[in-house]
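**Q** Below are the sequence and a predicted model; questions follow.
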Amino acid sequence: MRKSRNALKQAGTHADKSAAACQHILGYIKEHSCKIVASYLAIGGELNVSALHEAKPRVKLCLPFILENRRGLAFRSYGANTLIEPGPMNTFQPSEIEQIVVPDTILVPLLAFDRNGMRLGQGGGYYDSTIVSMRRNKQVSRVIGVGFACQEVDEVPYKPHDAALDAIATEDGIIYR
């Protein structure tokens with residue numbers, strides 16, 4: 001799966017497909033009246049959502065940061081002047097000076113997905129544990145996986161603690177489960 005995703009970067013289509021997916025995400029945000037959207041800063045061959053950030057949607061954007069001493073994420077405000085710092089596991093996250101917010105919509109990068117809304121992530125379980133906790137506390141309304149159409153598989157193996165997606169955004173459009 002990583003090879004397929006990384007091949008897009010080498011073929012020069014990564015940016016075009018990322019931009020197309022961002023247009024679909026913008027439409028989703030508007031259609032569903034999202035207010036606070038948790039995005040991410042792409043690493044490796046992940047679909048790059050910077051076009052979404054640059055479009056300045058009429059929502060508050062935030063980014064995840066890894067909580068110390070816990071397996072989970074919280075979210076800090078994100079904008080043009082946000083100070084970004086290196087985080088654990090080769091990630092980048094907002095500085096501690098940024099306000100902590102609770103998103104109603106979370107965009108989740110992925111390695112693979114299926115039509116049942118299951119995803120394969122990087123393997124740390126950070127998004128899964130965060131989403132399960134936020135859903136239990138009725139803090140998040142929507143979880144959208146973000147990836148390339150070539151990352152779709154027939155079935156993603158999953159465990160009881162894995163969190164299902166409500167939809168998946170690709171360069172081809174939004175897939176609802």
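**A** Yep, it's here. Residues are numbered from 1 along each chain as shown.

**Q** what stretches of the protein score poorly on pLDDT?
**A** When residues are selected by pLDDT under 70, those of the chain lie in 1-12, 70.

**Q** Would you map the helices across it?
**A** Counting by DSSP state H, the chain has helices at residues 2-11, 14-31, 50-54, 126-136.

**Q** Buried residues, the shortest one. List them.
**A** Meaning helix 50-54. Neighbour counts using 16 or more other C-beta atoms under 10 Å place 51, 52, 53 of helix 50-54 among the buried residues. Backbone N, C-alpha and C define where each C-beta goes, glycine included.

**Q** sorry, back to before: with distance to residue 89 added, can I get the helices of the chain in JSON lines?
**A** Listed next are these as JSON lines, based on distance: least, C-beta to C-beta, whole Å:
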{"stretch": "helix 2-11", "distance to residue 89": "15"}
{"stretch": "helix 14-31", "distance to residue 89": "21"}
{"stretch": "helix 50-54", "distance to residue 89": "20"}
{"stretch": "helix 126-136", "distance to residue 89": "9"}
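
**Q** Out of those helices, which is closest to residue 144?
**A** Closest of the helices of the chain to residue 144 is helix 14-31, at 6.8 Å (criterion: C-beta to C-beta).
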